[in-house]
Structure formats: structure tokens, C-alpha cells
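Peer 1: Here is the input, now give the coordinates:
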Amino acid sequence: MHVTHLESGGRPLEGLLSVAPDAAAFVMSTRTATPLGGSPGPRHSAAALLAQVRCPLVVVPTRRHDDGWAETAAGGHGEAYDRRDVVLGLNLSRPDEAVIGYGFAAAASRGSALRVIYGWSARATMPAGRPADASFGEPGALSGVLRPWQEAFPTVAVLPECVIGRPVDHLVESSARALLVVVGHRVRSRATAPQPGPVVRGLLHRSLVPVAIVPHS
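Peer 2: Below is the predicted model of the structure:
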């Protein structure tokens, strides 16, 4: 691995955006302040980056102790490496290859299983009490979406988990036993400067492990 060190004399966000055209991905922590106080933290910067870049953004949560900032969830502690799965939050109504491919590649590189969380909102029901589109919960619907990726990554075990309710709640719960959570961020156009949706915002604040946010159209 070749490591390059660059210093920026301006604002951190400006420095990050200056290298955006050549970046394959961005990685940052969720430290929201420094022990001595300071400017708004990286959760704000993460939202700003998502509005302007088109590569994946990996946000690593940082826990704080009374004596300062602790290690990030991804480094320095054996407990992080006891977790086994990469978690993929999948919207079956708009599955995107970039998001799915990132999840499979992440699981393959870590030698882990891929837990796919999908489903619908409990509010979207028909009068008879059935989901508005029950096919979203059928195994065949998921299998059709994932089949090409399982063929491309035959060593990755897929653990489907169909859920009902707010997706972010299930993803946060799954982060307690995960190595990484992968979700998509829909980008409509550069002009609109899209803001993160409720799933991304919730994960930035509540996930216990790194979150990979993959932009897609």
C-alpha cells in the first residue's frame, strides 16, 4: 500500500473536495468535537461531502471517554474483530449494482458473510393486512437480485434477513454484531445537492461500526 500525506491550509472540507476528482473513496471519523472544543464535526462534513462527491464515503464511529477520544470502532480493540458479518441494507424496490457490489466485495475482502437486510414499512399495507407489495418479502425476489453477485463472489455466504418497520432501526441493531454496514445514497443530480436520507442520517449518529455510504443514481 502506498500512503501519501497531503496538508491543506484551508478548511477541512475544502481540502477533501480538492482531491475528490482522483479519490476512489473517502474515509473519516464521526468525532463531533475535539476535547478542547472546536468547529462542527465530521457528521456535518459527511453530509457536505455526500452532496458533492460521487465515490463511496466510509464513516468510522469514534467513542469518547472522559479523558479524551478513544480508539475508533475499527481499530485497536479485539472486540471489533470478533464481529463476523458485513451488513448490506438493500432497497428491493430500487436495487443498485454499485451498492450491492460494494457489499459483496467488502465481505469477500474480510472473509466474512454478507447479511442482507431488506423489507418494507409496516405502514405500507393493504386493507387485508398484507404488505402493499408482498413480493418484496419473497425469497425469490431477493434471489433474483443477488444471483449474479453470488456467482461473482462464490465464497461469500449470504444471510438474508427480511424485516418490517423502519430500516434504520434494524441496521443500527445489526451494527452491534457487524464489521461494516453498507447502504446506498441516492443522487438525483449535481444541481440539487441532495442531502442524506433518514437511513444515512440515523446510521451516522447511531451505528456502532463503520458505515460505507455508496452513491447511486
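Peer 1: ok, Leu159 touching Ala113?
Peer 2: Yes. Using CB atoms under 8 Å, Leu159 makes contact with Ala113 at a distance of 5.3 Å. No exception for glycine: its C-beta is placed from N, CA and C like everyone else's.
Peer 1: After the helix or strand bottoming out on mean pLDDT in the chain, which helix or strand is next?
Peer 2: Lowest on mean pLDDT, DSSP states H and E among the helices and strands of the chain sits helix 78-81, with a mean of 42. Following helix 78-81 in sequence order, the next helix or strand is strand 85-89 (DSSP states H and E).
Peer 1: Which helix or strand lies directly C-terminal to that following strand?
Peer 2: Past strand 85-89, the next helix or strand by DSSP H and E is helix 97-110.
Peer 1: Give me the residues contacting the next helix or strand along the chain from that following helix.
Peer 2: Proceeding N to C from helix 97-110, the next assigned helix or strand is strand 113-120, under DSSP H and E. By CB atoms under 8 Å, 6 or more residues apart in numbering, the residues outside strand 113-120 that reach it are 84-92, 103-104, 107, 131-133, 136-137, 142, 146, 156-165, 167, 170-171, 174, 178.
Peer 1: Produce a PyMOL select command limited to the buried residues of the residues you listed.
Peer 2: Applied in PyMOL, the following selects the buried portion of those according to 16 or more other CB atoms under 10 Å:
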select buried, resi 85+86+87+88+89+90+91+92+103+104+107+131+136+137+142+146+156+158+162+163+167+170+171+174+178
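Peer 1: re earlier: residues that sit against both of Leu159 and Ala113, list them.
Peer 2: Jointly contacting Leu159 and Ala113 under the rule CB under 8 Å, 6+ apart are Asp85.
Peer 1: got any ranges where this structure has weak pLDDT?
Peer 2: For the chain, applying pLDDT under 70 flags the ranges 8-10, 12, 20-21, 30-45, 63-83, 120-139, 188-194.
Peer 1: Please repeat the previous calculation with a cut-off of 90.
Peer 2: Across the chain, the ranges flagged by pLDDT under 90 are 1-55, 57, 61-84, 91-95, 119-143, 163-167, 185-202, 204-206, 215-217.
Peer 1: can you give me the helices for it?
Peer 2: Secondary structure of the chain by DSSP state H: the helices cover 12-18, 42-50, 78-81, 97-110, 139-152, 167-175, 198-206.
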